[in-house]
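Q: one predicted model, sequence on top.
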Amino acid sequence: MSRLDGWMAQKLGILPEQLDRSAIEQQQLDALNALLQWCKGHSTYYGDYPEQLQSLSELTALPFLTGDDVIEHGQQLVCVSQSEISRVVTMQTSGTSGRSKRLFFSQADQQLTIDFFACGLSELNHAGDRCMILMPGNRPGGMSHLIQQALLQIGAIPVPCGNDVSFAHMAQLLAVHQINTMVGSPVQILSLARYLQHYQLPHSIKAVLVSSDYLPESVRRAIADTLHCAVYDHYGITEGGLGFSIECEQHQGLHIRENDLLVEIINPDTGMPVADGQWGELVFTTLTRRAMPLIRYRTGDKARLLADSCPCGSIIKRMDKIGGRLAQLAEPYTMTELDERIFQLPSVVDYQVHYHKAQHQLTLYVLLTEPLSQWKDAIKTLLQPVLQQGDTLLVEGEMLPEQQTEIGSFYQAKRKIIME
Ligand SMILES: [Zn+2]
């Protein structure tokens, strides 16, 4: 039995040999009905929702919940008293209203995330491993803090680093603590890997878990080849309690946290479910969260479930890696597409893009391990197919300095796309 299935059986309170799809789905239906009853009694927003469903498929009759609904009706979605809230996350939205989305979690809600993190992290960490966490949120309840709790739960040693320190500082932590696993965003880890390679700094990393961002195949390959390590992908969003789905050692899709989350993939235009294997919008219901349950929450992320079974033997549903934000797919340039192309070049450590729409000018600033002159033509060739008609491409760049500079004194990962 796979590690994930053993964990799932334990979470569902059944014997490992009892775990099959019908057991998971029965537990999901029971949890969903318990959730509906809870919401009925504790939330004004869900007052008109039914108290009981006869099957999981009846869920499709309930309305969707959108990000705007959470902004508008946030307090009505909260089902516990203020004293039971242990964490409030405020997400800045990109809309013109400037209103932020606030999500509320209880201690018990967060413990469920820690448990899932512990399960996911145990795919690459064993007792005694030393894991550097390149994530923000070092305060209690923050992302890094939850990961630290999860690592302690499996006997590994967390080394919090944060996401806003220089490569030089990260490299020093790697050496001092003899780090052998890492958690961070994909590009941040790739940038660090190329930095280590450029300065020929030794390390003992055997595996990394990447999260917080889309993982381009070119970035996955480059991390694995540069650090000579295994790369595990994780998908997590704040609304989903940060932990959502994780790769097993087969790296063929991400197993979903089905004990806590009920996933649907819908056609974003019609709202109707799509068949397994088809791309659509990811929608989920938080089966076990109690502070602020979300029922049929539309993520805006392009996703699909994988129809075939995983070679690891697990029966837990898998999703493909996220295909990007649906709303951004219509934009002229997306980070997903640019990452996939630019990081194919082995010399690229990081980059920024400025797009000046009125002037039809795309400017790429790239940080390299070798002189720009060696790579300029290759970069232009790689980006030519995605260049919008009428746009011109300007490539500028700088090289990592010859000598490794002092701690905190130079470049930090700043990859982004700026639209004007
Ligand atoms: Zn698997």
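A: Cool, got the structure.
Q: show me the shaky parts of the protein.
A: Low-confidence segments of the chain (pLDDT under 70): 94-98, 402-415.
Q: let's go with 50 and repeat that
A: Low-confidence segments of the chain (pLDDT under 50): 406-411.
Q: up against the ion, what does it have?
A: Residues of the chain found near the ion, taking Cβ under 5 Å from the ion as the criterion, are 248, 250, 310, 312, 314. Quick note: C-beta positions are derived from backbone N, CA and C, even for glycine.
Q: any idea how far Gly184 is from the third one?
A: Right, the one you point to is Cys310. According to Cβ to Cβ, to the nearest Å, Cys310 stands 25 Å off from Gly184.
Q: neighbour count winner among the two?
A: Neighbours were counted for Cys310 and for Gly184 using other Cβ atoms under 10 Å; Gly184 has more, 24 against 20.
Q: how close does the residue nearest to the more buried one when sequence neighbours are not counted get to the ion?
A: Distances taken as Cβ to Cβ, 6 or more residues apart in numbering place Leu134 nearest to Gly184, at 3.2 Å, with adjacent residues excluded. Using Cβ to the ion, to the nearest Å, one obtains 25 Å as the distance from Leu134 to the ion.
Q: okay but Leu134 is in contact with Pro186, surely?
A: No. Under the criterion of Cβ atoms under 8 Å, Leu134 lies out of contact with Pro186, with a separation of 10.7 Å.
Q: what sits against the residue nearest to Gly184?
A: Contacts for Leu134 were tallied using Cβ atoms under 8 Å, 6 or more residues apart in numbering; they are 161-163, 170, 182-185, 188-189, 192.
Q: helix, strand, or coil at Ile246?
A: strand (DSSP: H, G, I helix; E, B strand; the rest coil).
Q: related to what we said a few turns ago, buried among the contacts of Leu134? Need that as a selection in PyMOL.
A: To isolate the buried ones among the contacts of Leu134 in PyMOL, judged by 16 or more other Cβ atoms under 10 Å, type:
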select buried, resi 161+163+170+182+183+184+185+188+189+192
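Q: among the contacts of Leu134, name the ones in helices.
A: Among those, the members falling in helices (DSSP state H) are 170, 188-189, 192.
Q: quick one: which of these is nearest to Gly141?
A: Looking at those and their distance to Gly141, the nearest is Gln188, at 22.1 Å (Cβ to Cβ).
Q: domain parsing for the chain?
A: Taking automatic domain parsing as the domain assignment, the record places the domains of the chain at 1-330, 335-419.
Q: mean neighbour count, those: which tops it?
A: When neighbours are counted by mean count of other Cβ atoms under 10 Å, the highest per-stretch mean among the domains of the chain falls to domain 1-330, a mean of 18.
Q: now do the same end-to-end measure for that domain.
A: End-to-end distance of domain 1-330: 43 Å, with Cα to Cα, to the nearest Å as the criterion.
Q: on that earlier part again, export the residues of the chain next to the ion to CSV and tack on secondary structure?
A: What follows is the residues of the chain next to the ion, written out as CSV (three-state DSSP):
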residue, secondary structure
Cys248, coil
Gln250, coil
Cys310, coil
Cys312, coil
Ser314, coil
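Q: show me the two of those residues that sit farthest apart.
A: Distances among those were taken as Cβ to Cβ; the most separated pair is Gln250 and Ser314, at 9.0 Å.
Q: list of residues touching stretch 71-80?
A: 38-39, 42-46, 70, 85, 93, 97, 99-104, 106, 290-294.
Q: now do the contacts for Glu25.
A: Counting by Cβ under 8 Å, 6+ apart, Glu25 touches Leu56.
Q: and Leu112, by the same measure?
A: With contact taken as Cβ under 8 Å, 6+ apart, Leu112 is in contact with 241, 260, 288-289.
Q: looking at these, which one is closest to Met143?
A: Closest approach between the contacts of Leu112 and Met143, by Cβ to Cβ: Gly241, at 11.0 Å.
Q: now the closest one: closest residue in space that isn't a chain neighbour?
A: With sequence-adjacent residues excluded and distances taken as Cβ to Cβ, 6+ apart, Gly241 is closest to Thr113, at 4.7 Å.
Q: look up how far the ion lies from the one you found.
A: Remark: distance between Thr113 and the ion (Cβ to the ion) = 21 Å.
Q: re the thing from before, from the ones in helices among the contacts of Leu134, pick the one nearest His234.
A: Nearest member of those to His234, counting by Cβ to Cβ, is Ile189, at 12.3 Å.
Q: that closest one and Ala207 touch, don't they?
A: No. With contact taken as Cβ under 8 Å, Ile189 and Ala207 are classed as non-touching, separated by 11.1 Å.
Q: next SSE downstream of the host helix or strand of Cys119?
A: Under the criterion DSSP states H and E, the helix or strand holding Cys119 is helix 107-121. In the C-terminal direction, the helix or strand that comes right after helix 107-121 (DSSP H and E) is strand 130-133.
Q: put the alpha carbons of the helix or strand hosting Asp377 into PDB.
A: Counting by DSSP H and E, the element that carries Asp377 is helix 376-383. Once non-C-alpha atoms are left out, helix 376-383 reads as follows in PDB (Å, rounded to 0.1, in the frame of the first residue of the first chain):
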ATOM      1  CA  LYS A 376      20.900  37.000 -26.600                       C
ATOM      2  CA  ASP A 377      20.200  35.300 -29.900                       C
ATOM      3  CA  ALA A 378      19.000  32.100 -28.200                       C
ATOM      4  CA  ILE A 379      16.600  34.100 -26.000                       C
ATOM      5  CA  LYS A 380      15.200  36.000 -29.000                       C
ATOM      6  CA  THR A 381      14.700  32.700 -30.800                       C
ATOM      7  CA  LEU A 382      12.900  31.100 -27.900                       C
ATOM      8  CA  LEU A 383      10.600  34.000 -27.300                       C
END
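Q: backbone phi and psi for the closest residue in space to Val386 that isn't next to it in sequence, please?
A: Of all residues beyond its chain neighbours, the one nearest Val386 is Glu337 (5.6 Å), with distances taken as Cβ to Cβ, 6+ apart. When quoted as degrees, to the nearest 10, the phi and psi of Glu337 stand at phi -70, psi -40.
Q: surely Glu337 meets Pro385?
A: No. Counting by Cβ under 8 Å, Glu337 sits too far from Pro385 to count as a contact (9.7 Å).
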